[in-house]
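J.: what follows is a predicted protein model with its sequence.
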Amino acid sequence: MTTDLPMIPAAKPLIGQEERDAVDRVLASGMVAQGPEVAAFEEEFSAALVAGRECVAVNSGTSGQHLGMLALGLGPGDEVIVPSFTFAATANSVAVSGATPVFVDVDPETFTLDPAAVEAAITERTVGIQPVHLYGHPAPMDELLRIADAHGLWIFEDAAQAHGAAWQGAPVGSFGRGAMFSLYPTKNMTSGEGGMVATDGPELARQVRLLRNQGMEKQYANEVAGFNNRMTDIHAAIGRVQLGKLPAWTARRQELAAHFDAHLEGVVTPVVREGAVHVYHQYTVRIEGASAAERDAFATALREEHAVGCGVYYPTPVHRLDTFRVDLDLPVTEMLAREVLSIPVHPSVSDEDRDRIVAAVNAVAKAGA
Ligand SMILES: *Cc1c(COP(=O)(O)O)cnc(C)c1O
């Protein structure tokens, strides 16, 4: 069975006339590399999303995470605790800094780091923890900070998917020594490509700024070996417009999620912990008890029979990728990698699309039950 209905895409960046006008303005100025737009974007992002913490814009979330690790002094011999149930960039940022990612399991309900597993993984080489606010649900930052403080560790938040999320009244990105937000097109807001590092103060911010720009604060007075990971004013101009649109988009994501919570049947819907503001980068359900093949068949049925786009984030736990190949038993991570499926929750999902998505998921779940 196939359908003639138009495909509802799994993700869709929203680029409007305002973004085009902003890019035009920068192009017309003739100054297109890092300049005043980047500086303004950093200040506006700081005020809007991380309670005034000093922000540094870079050319991708991955760059931000890497520079964050280096700015915190990470190097060979060090261990950093990371979830395995995430995008590989989290662990990559540790590995490319010469250190070792130590993979631990996650909470089965929120898909974020399990504090008890974190505590159990600490060794004398551990220097830090990278929690991921996966799918837009905040990690349990109070418990993680308590563990970090007790053991003298830093925390660097992977907030790539969580612009505007909060935990117990404070925004993600304002808890650790630092944090990274991604501005990739499929994320909750975009600058084309880009990333933002939020820091706990001028010292760390200065280190990230140095590393972003060849180790220079003053031109040709290089202080450390650095990179060119600068954001352009073209990208920053797009990001500034998107930042203004983010609150309405987040509200739409939350509205769609509330509707799914109330109407989906036969799948496990996502949990929101008390004290959490979830921004639904993804709306991720579990096909409880499914094998990976059964979950994949569910996804194929949604796409081919109902024209509902969907995605599996992530089918292979990071510790089992060829990059790392660590022999570990992470049962929750393995279960989630088999069972998760994300359905469209982006702000261009219309009410009509929403109703089609609900009907499709419920029909496929019923057929498979
Ligand atoms: C997208 C993402 C990144 C990397 O961000 P880029 O901007 O794509 O480099 C890192 N961690 C997580 C969890 C992500 O989703």
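T.: Cool, got the structure.

J.: going forward, measure contacts between C-alpha atoms and count neighbours the same way
T.: Noted.

J.: distance between the helix or strand that contains residue 149 and the chain's centre?
T.: Using DSSP states H and E, residue 149 sits within helix 141-151. Distance of helix 141-151 from its chain centroid, counting by CA atoms, centre = their mean, to the nearest Å, is 21 Å.

J.: pull the residues that contact the next helix or strand after it.
T.: The helix or strand immediately downstream of helix 141-151 is strand 154-158, counting by DSSP H and E. Strand 154-158 has contacts (CA atoms under 8 Å, 6 or more residues apart in numbering) with 65, 68, 90, 127-133, 145, 148, 172-173, 175-181.

J.: in helices only, show me those.
T.: Among the contacts of strand 154-158, the members falling in helices (DSSP state H) are 65, 68, 90, 145, 148.

J.: so which of the residues you listed is the closest to the ligand?
T.: Distances from the ligand to the ones in helices among the contacts of strand 154-158, taken as CA to the nearest ligand atom, are shortest for residue 90 (5.2 Å).

J.: that closest one and residue 65 touch, don't they?
T.: Yes - here residue 90 reaches residue 65: they are 7.5 Å apart, a contact under CA atoms under 8 Å.

J.: quick check: mean pLDDT of stretch 187-203?
T.: Mean pLDDT, computed over stretch 187-203, is 98.

J.: kindly report the same for stretch 357-369.
T.: Rounded mean pLDDT across stretch 357-369 is 94.

J.: try stretch 270-290
T.: Stretch 270-290 shows a mean pLDDT of 98.

J.: what is the end-to-end distance of that stretch?
T.: Start-to-end span of stretch 270-290 (CA to CA, to the nearest Å) is 16 Å.

J.: ok, now how distant is residue 354 from the ligand?
T.: Noted for residue 354: a distance of 24 Å to the ligand, by CA to the nearest ligand atom, to the nearest Å.

J.: count of neighbours near that residue?
T.: Per other CA atoms under 10 Å, the neighbour tally for residue 354 reads 19.

J.: now do residue 91
T.: Counted with other CA under 10 Å, residue 91 comes out at 27.

J.: tell me which element residue 37 is part of?
T.: helix 36-49.

J.: per-residue confidence for residue 327?
T.: pLDDT, residue 327: 96.

J.: pull the contacting residues for it.
T.: Taking CA under 8 Å, 6+ apart as the test, what residue 327 contacts is 319-320.

J.: pull up the gap between it and the ligand, please.
T.: Distance of residue 327 to the ligand, given as CA to the nearest ligand atom: 22 Å.

J.: same check on residue 31?
T.: On the measure of CA to the nearest ligand atom, residue 31 and the ligand end up 24 Å apart.

J.: now do the contacts for that residue.
T.: By CA under 8 Å, 6+ apart, the neighbours of residue 31 are residue 233.

J.: just residue 363 next, same as before
T.: By CA under 8 Å, 6+ apart, residue 363 has no neighbours at all.

J.: which of the ones in helices among the contacts of strand 154-158 tops the neighbour count?
T.: Result: residue 65 is most packed of the ones in helices among the contacts of strand 154-158 (other CA under 10 Å), 32 neighbours.

J.: and residue 352, what element?
T.: Using DSSP H and E, residue 352 maps to helix 351-368.

J.: buried stuff in that helix?
T.: 353-354, 356-365 (16 or more other CA atoms under 10 Å).

J.: just stretch 301-315 next, same as before
T.: Buried residues in stretch 301-315, counting neighbours by 16+ other CA under 10 Å, are found at 301-303, 305-315.
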